[in-house]
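> next comes the sequence, and after it the predicted model I'd like to discuss.
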Amino acid sequence: MASVFVRLDRLSKRFGAVAAVTDLSLEVAKGEALTLLGPSGCGKTTILRMIAGLETPDTGSIAFDGVKVVSVAEGINLPPERRRIGMVFQSYAIWPHMSVAENVAFPLKVRHVPAPELRERVRAALAMIGLSGLEDRPATRLSGGQQQRVALARALIHEPALLLLDEPLSNLDVKLREQMRVELKLLQVRLGLTLVYVTHDQTEALSLSDRIAVMDRGRIEQIGSPRLLYERPETPFVRDFLGKSVTLSGRVRGVTNGKVAVELACGAGAAIECQAPAGFDLAPGREVEISVRPEAVRIERANGGAAGGALEGVVEAVLYQGERSECEVRVGSEAILVYAAPDIALARGDRIALSIAPDAPRVWAKPLAP
C-alpha cells in the first residue's frame, strides 16, 4: 500500500440516542479511490462530513498526511477551509444566480487569487471536464450532467489534497450516470487524486474503487478490493449487499478431503460439494446455507430430468434484460434468482437443469431465527 494520506483513528459520533459511527478506524492511501458503501443510515455520510470538518466527532482523531486536523483528546479541530479538501454533494450546490465561470471561480475568489490567474485556472478547469465555451452560460441553463461537472470543477480548481464525494451521481439518469462513472474514474487516475466516495450503489462502488469499505450500523463489516469483496465476502451482510446471491438451505452430510457435502433442504434430492471453510463446525446434520453468485449457475433445458450433480427447477418468471434474462426459478420448496444467456429463450413453466461451477459455492452458518 502507498503512503497513508488519510488516517481515521477510533472515530465515534452520536446524534442523541443514535450511534451513527462507533469506534471506527480507517486508512486511505495517497492517490487511492476508496468508497464507503452501505445502506441509508449506516454512517457513511457522517464519516465524510467528519473528514470534511462539517461534523465534529465525539471521540477519535483524523490526520491528513501525518498532520492531525481533528483530535478530540487534544482539542484540535481545523475548520473546513484549512483542510485542503474539495467536496461534491448529492445536490451539486450550484449557485443559480451565477454563471458557469463564476461558480467554478468562487473558491479562488475567496482565496483572493489575482484575476489573470483566476481566469486561466477557470479556463483550464472547464477544459478538463469538457465544458469549454460555456463560461458565460447561466448555471440554471445547464443539464444535470453539466451541473455535476461544474460542481466537480469547482471542487478541484483550488487543487485540494483530498476529494470527497457524497452520492454525486444519484440525481442523474441511468445512461448519464454510467457515462459520468467512466469520466470520474479517468479523471481520478489522470490527476492522481486521493478520493473518498460515498454511495449506496454497488455498481458505482465496484467500478470506481481501488478499495471498498462496506458499512453497517456505524461499523465497517469488511474492507478490500472490489474483486475480493465480491468473490470472498466475509459476512452474509457483505455477500448480500454487494451483488446478488443464490442462497439455499441445507444440512452437512459429511466432510471428505477438505470438501463438505451439503444436502439441500429444498427437496431437490441433490448434495452440493463446497470448499470447507476454516474454523467452522461442520458436524454431520448441522444446518447451514450455501451461496453462489448467479453468474456461476448454468441453465439448460431439462431433458428427462437433471443430469448428475445438477438441480432440477421450474421457471416461475422471466425478466428480459437484453444481455441476459433474470429468471425466478423454483427448486423444490425454495425460489432463487439465476441468470440465463440471451440465446436461451425461457418461459414460465419450463423445466430446467441448474449446474453450479466447481469451487463456486460457499458454506455459511444458518442465521438464527428472529
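Arrived safely.
> where does pLDDT dip in the protein?
For the chain, the stretches flagged by pLDDT under 70 are 1, 92, 267-270, 304-309, 367-370.
> outline the domain layout of it.
4-241, 246-365 (automatic domain parsing).
> can you tell me the closest non-neighbouring residue to residue 11?
Nearest non-adjacent residue to residue 11, counting by C-beta to C-beta, 6 or more residues apart in numbering: residue 60, 3.7 Å away. Every residue, glycine included, has its C-beta placed from N, CA and C.
> are we agreed that the one you found is in a strand?
Yes: counting by DSSP: H, G, I helix; E, B strand; the rest coil, residue 60 is found in a strand.
> contacts only, for it.
8, 9, 10, 11, 12, 23, 24, 70, 72 (C-beta atoms under 8 Å, 6 or more residues apart in numbering).
> mind running it again at 6 Å?
9, 10, 11 (C-beta atoms under 6 Å, 6 or more residues apart in numbering).
> repeat that for residue 324.
Counted by C-beta under 6 Å, 6+ apart, residue 324 has contacts residue 339.
> so how far is residue 19 from the residue nearest to residue 73 when sequence neighbours are not counted?
Among residues not flanking residue 73 along the chain, residue 61 sits closest, at 7.3 Å (C-beta to C-beta, 6+ apart). Per C-beta to C-beta, to the nearest Å, residue 61 is found 18 Å from residue 19.
> quick one, which of these two is more surrounded?
residue 61 (19 against 16; other C-beta atoms under 10 Å).
> partner residues bridging that one?
Beta bridges link residue 61 to residue 9, residue 71, judged by DSSP bridges.
> doesn't residue 9 make contact with it?
Yes: using C-beta atoms under 6 Å, residue 61 is in contact with residue 9, at 4.9 Å.
> list of residues touching the helix ranked longest in the chain?
The longest helix of the chain (DSSP state H) is helix 174-191. For helix 174-191, the external contacting residues (C-beta under 6 Å, 6+ apart) are 33, 145, 169, 195, 207, 208.
> ditto for stretch 88-100
Stretch 88-100 has contacts (C-beta under 6 Å, 6+ apart) with 103, 134-137, 139-140, 147-148, 150-152, 155, 165-168, 170.
> just the ones of those residues in strands?
Of the positions in these, 165, 166 sit in strands, assigned by DSSP state E.
> just the buried members of the contacts of stretch 88-100?
103, 134-135, 139, 147-148, 150-152, 155, 165-168 (16 or more other C-beta atoms under 10 Å).
> farthest pair in the residues you listed?
135 and 167 (27.5 Å; C-beta to C-beta).
> inside strands: which ones of the contacts of helix 174-191?
Residues of the contacts of helix 174-191 located in strands (DSSP E): 33, 195.
> which of the contacts of helix 174-191 are buried? Put it as a ChimeraX command.
Buried members of those, identified by 16+ other C-beta under 10 Å, are gathered into one ChimeraX selection as follows:
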select :33,145,169,195,208
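> dump the contacts of helix 174-191 to TSV, plus distance to residue 55.
Converted to TSV, the contacts of helix 174-191 look like this (distance: C-beta to C-beta, whole Å):
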residue	distance to residue 55
33	22
145	29
169	23
195	20
207	28
208	24
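> can you tell me how far the closest residue to residue 290 other than its chain neighbours is from residue 339?
With sequence-adjacent residues excluded and distances taken as C-beta to C-beta, 6+ apart, residue 290 is closest to residue 361, at 4.7 Å. Separation of residue 361 from residue 339 (C-beta to C-beta) stands at 16 Å.
> try residue 141
Counting by C-beta to C-beta - residue 141 and residue 339 are separated by 43 Å.
> residue 215 is in contact with residue 44, correct?
Yes: the pair residue 44 / residue 215 is scored as a contact, 5.3 Å apart, by C-beta under 6 Å.
> between those two, who's got more neighbours?
Counted by other C-beta under 10 Å, residue 44 and residue 215 do not tie: residue 44 has more neighbours, with 28 against 25.
> how near is that one to residue 54?
14 Å.
> also residue 28?
18 Å.
> neighbour-wise, which of those two wins?
When neighbours are counted by other C-beta under 10 Å, residue 28 comes out ahead of the other of residue 28 and residue 54, with 24 against 14.
> give the contact list for the more buried one.
Residue 28 makes contact with 5, 6, 34, according to C-beta under 6 Å, 6+ apart.
> can you put those in a markdown table and add neighbour count?
Supplementary listing: the contacts of residue 28 in a markdown table, determined by neighbours: other C-beta atoms under 10 Å:
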| residue | neighbour count |
| --- | --- |
| 5 | 18 |
| 6 | 22 |
| 34 | 22 |
